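Q: Only the shape, not the letters, is given here:
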């Protein structure tokens with residue numbers, strides 16, 4: 001089972017969190033385009049994890065001999081965890097946007 005996508009997503013989220021916290025060891029970003037690219041990449045990885053989980057579940061339903069239930073459950077759980085993490089990122093972005101919009105000019 002390939003876990004590179006989830007590991008990469010977690011490392012990207014951790015790096016973004018460190019930059020947001022002002023960690024001195026974090027690398028500076030080149031601007032808003034970097035964040036947009038990071039967000040797009042993360043969304044694609046979440047989508048791929050969900051598609052892989054669905055594909056494995058379908059293969060199990062069809063009785064594919066090389067698919068076992070453990071791999072299906074793990075894949076679906078990874079997809080769920082990555083989706084929940086993305087929902088939390090979205091919630092934080094909405095919260096930050098609302099705070100900025102409520103600031104007096």
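A: Everything's here; your move. These numbers come from a predicted model, not from an experiment.
Q: Buried residues of the one helix or strand residue 90 maps to, list them for me.
A: According to DSSP states H and E, residue 90 maps onto helix 69-101. Going by neighbour count (16 or more other CB atoms under 10 Å), the buried part of helix 69-101 is 72, 75-76, 78-79, 82, 85-86, 89. Backbone N, C-alpha and C define where each C-beta goes, glycine included.
Q: Equivalent analysis for stretch 58-72, please.
A: Residues 67, 72 are the ones in stretch 58-72 that count as buried (16+ other CB under 10 Å).
Q: Return the distance of it from the chain's centre.
A: Mean-position distance between stretch 58-72 and its chain equals 25 Å (CA atoms, centre = their mean, to the nearest Å).
Q: average pLDDT for that stretch?
A: If you average the pLDDT over stretch 58-72, you get 92.
Q: what about that stretch, how long is it end to end?
A: Start-to-end span of stretch 58-72 (CA to CA, to the nearest Å) is 9 Å.
Q: Moving C-terminal from the host helix or strand of residue 11, which element do we reach first?
A: Per DSSP H and E, residue 11 falls inside helix 4-21. Next helix or strand after helix 4-21 toward the C-terminus (DSSP H and E): helix 32-61.
Q: Mind listing what's buried along that next one?
A: Using 16+ other CB under 10 Å as the test for burial, helix 32-61 gives 39, 42, 45-46, 48-50, 52-53, 56-57.
Q: can I get the residues you listed in CSV with distance to residue 98?
A: Below are the buried residues of helix 32-61 laid out as CSV (distance: CB to CB, whole Å):
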residue, distance to residue 98
39, 18
42, 21
45, 27
46, 23
48, 30
49, 29
50, 28
52, 34
53, 32
56, 38
57, 37
